[in-house]
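Novice: Sequence first, predicted coordinates after that:
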Amino acid sequence: MATEFSNQQIDQPIVIADVMNGQTIAMLQPVYPLTEADFVRLEGRPPITSAGAAMIFSGVVGYAIGLGPKLESIITGQEPILNNGEVKTIASWSAIALLFYLFGLFLPNQRTNIMKKLSSHFKATKSSTHVIGGGK
C-alpha cells in the first residue's frame, strides 16, 4: 500500500500506525482577498432606489397629514369626507414608492457583484487535503 496519497480517490479504510507523530491533516483552500471595504458593502445594504422610495413615501405621508381633519372621520367611524381623488392619490403614490423600492432589489449593485466574485472564486478553487507539521 502506498504511503503517500495524492490525487487519488480513497474507497477503503486506511490504517495509519503511529498517528500521534506531530503531523496534522488540514483542508486548505486558496484565500479570497476580501477587503474591509468589500465586507462593509456586503453587510445588509439597502437597494439603490431605497432613498428615492423613502422620499416619495415621505411626500405621501405629508399629503396624508395635510388631510388630517378629513382622516379623523374615518378613525371615529363617521361618514368619510375624503373624496375619491384624495384616496387614489394616497394609494397610487404609496404603490409607486413600493414598486420603486422593489425595482431596486433587482438592479445589480455592489453587493451582488461581490457575491458573484465570491461564488466564482469558491467554484474555481477547490479545497485539498495536506499533511502538515513535522515528524518525531
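Specialist: Received the coordinates, thanks. Please read all numbers here as calculations on a predicted model, not as lab measurements.
Novice: Contact partners for Leu34?
Specialist: Shown in contact with Leu34 (CB atoms under 8 Å, 6 or more residues apart in numbering): Leu118. For glycine as for every other residue, the C-beta is placed from the backbone atoms N, C-alpha and C.
Novice: Next, Val131: secondary structure please.
Specialist: The local conformation at Val131, judged by DSSP: H, G, I helix; E, B strand; the rest coil, is strand.
Novice: My read is that it contacts Phe5, right?
Specialist: No - applying CB atoms under 8 Å, one finds Val131 not in contact with Phe5, separated by 9.3 Å.
Novice: Low-confidence bits of the chain, can you list those?
Specialist: Scanning the chain for pLDDT under 70 picks out the ranges 1-3, 13-23, 28, 36, 43-44, 130, 133-136.
Novice: Could you give me the buried positions within the longest helix belonging to the chain?
Specialist: As assigned by DSSP state H, the longest helix anywhere in the chain is helix 84-106. Using 16 or more other CB atoms under 10 Å as the test for burial, helix 84-106 gives Glu86, Thr89, Ile90, Trp93, Ala97, Phe100, Tyr101, Gly104.
Novice: Next: stretch 59-76.
Specialist: Within stretch 59-76, the residues scored as buried using 16+ other CB under 10 Å are Val60, Ala64, Leu67, Leu71.
Novice: Tell me how far it lies from the chain's centre.
Specialist: Stretch 59-76 sits 37 Å away from the centroid of its parent chain (CA atoms, centre = their mean, to the nearest Å).
Novice: Can you give me the end-to-end span of it?
Specialist: With CA to CA, to the nearest Å as the measure, stretch 59-76 spans 25 Å from end to end.
Novice: Need the contact partners of it.
Specialist: By CB under 8 Å, 6+ apart, stretch 59-76 touches Glu79, Pro80, Ile81, Leu82, Glu86, Thr89, Ile90, Trp93, Ser94, Ala97.
Novice: repeat that with 6 Å
Specialist: By CB atoms under 6 Å, 6 or more residues apart in numbering, the residues outside stretch 59-76 that reach it are Pro80, Ile81, Leu82, Ile90, Trp93, Ser94.
Novice: Quick one: the helices in the chain, in order.
Specialist: Going by DSSP H, the chain shows helices at 36-42, 50-66, 68-76, 84-106, 110-124.
Novice: Brilliant, that's me finished.
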